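>>> Model the following, please.
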Amino acid sequence: MSKFLNRDNSIKASTIVSFVLIFSMMFSLFIIKGSETQAKSDEQKKLEKLSWERKNEVNIDEIGKNQKGYTITMRPLQKDNKLVKPTSIKIYKKENDKLVDVTDKGKVSHYSDNYILWSYKHNDDKNVKSDLKKDLGNQVFFDVKYEKPVADNKTQEGQMVKKQIHELKNDVIEDKSKKNNTNLKEHKSLLKDNKSLLKDISKDEKKTHRYMHEIRYE
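Reported below is the predicted structural model:
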């Protein structure tokens, strides 16, 4: 009888050990899967950031290490299927949280009567990188005046709202995957508000618009 009891206890112990091993393996797989999901999520965010920047590369100026000059070019806008030409441009550097007019450090000109340009140190026979970093830094702000009031959603404000919309869309996707209804409700509301704001910006006709470009140096 005791042999049978020992055998039965041995089977029970073996079953418990097997269960523990299976549970441990499942838990390990769950952790690995979670880590892989997080890694994929982080990688996806990096790719989306790069994609966003490519779509908005008009607002990102890459400065090569051997680049000889720098130019800001603004094209005409459209209103009622007609061109609205830019008439003047002012360039600003951000310094101590204030915008300082640095237009005189370059030259303003017009091209083909439709475009306005601000050219910086194209005649200097040296790389522009160090001087540009000193005179403009990593961001350049500029006001462009047009011949009559016209709307444009590529302004500094428009770009900020577009970026916010892009980030909120990603937040909504993440909230849904995590089933975080509190954050989902908040992000959906903010997304709706920002989309509405972008529509208002797209209809806001002004004679002068402010733009901002990020400057990146090799």
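>>> wait, Thr155 sits on Ser202?
No - with contact defined as C-beta atoms under 8 Å, Thr155 does not count as touching Ser202 (10.1 Å). (Glycine included, C-beta is placed from N, CA and C.)
>>> neighbour count winner among the two?
Thr155 (18 against 13; other C-beta atoms under 10 Å).
>>> partners of the nearest residue to the more buried one once chain neighbours are set aside in the sheet?
Closest residue to Thr155 apart from its sequence neighbours, by C-beta to C-beta, 6 or more residues apart in numbering: His209 at 4.8 Å. When assigned by DSSP bridges, His209 has beta-bridge partners Val144.
>>> wait, His209 sits on Asp152?
Yes - applying C-beta under 8 Å, one finds His209 in contact with Asp152, separated by 5.3 Å.
>>> In terms of neighbours, single out the busier of those two.
Taking other C-beta under 10 Å, His209 and Asp152 do not tie; His209 has more neighbours (24 against 19).
>>> Now do the same for that one: its pLDDT.
pLDDT, His209: 98.
>>> swap in the one 5 residues further on?
What the model reports for Glu214 is a pLDDT of 94.
>>> Thought Asn59 was touching it, still the case?
Yes - checked against C-beta under 8 Å, the pair Glu214 and Asn59 is within contact range at 6.5 Å.
>>> Okay, and the beta partners of the residue nearest to Pro86 when sequence neighbours are not counted?
Spatially, and ignoring its direct neighbours in sequence, Pro86 is nearest to Ile116 (4.2 Å; C-beta to C-beta, 6+ apart). Here Ile116 sits in beta bridges with Met74, His110, as judged by DSSP bridges.
>>> count of neighbours near Ile116?
Ile116 has 21 nearby residues by other C-beta under 10 Å.
>>> show me where pLDDT drops low in this protein?
Scanning the chain for pLDDT under 70 picks out 1-58.
>>> so where do the strands sit in it?
Taking DSSP state E as the criterion, the chain carries its strands at 60-63, 70-74, 77-79, 82-84, 86-95, 98-101, 107-111, 115-120, 139-150, 206-217.
>>> export those strands to CSV and tack on distance to Asp171?
CSV is the format used below for the strands of the chain (distance: least, C-beta to C-beta, whole Å):
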stretch, distance to Asp171
strand 60-63, 23
strand 70-74, 33
strand 77-79, 32
strand 82-84, 36
strand 86-95, 28
strand 98-101, 31
strand 107-111, 42
strand 115-120, 37
strand 139-150, 25
strand 206-217, 23
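>>> Thanks a lot, see you next time.
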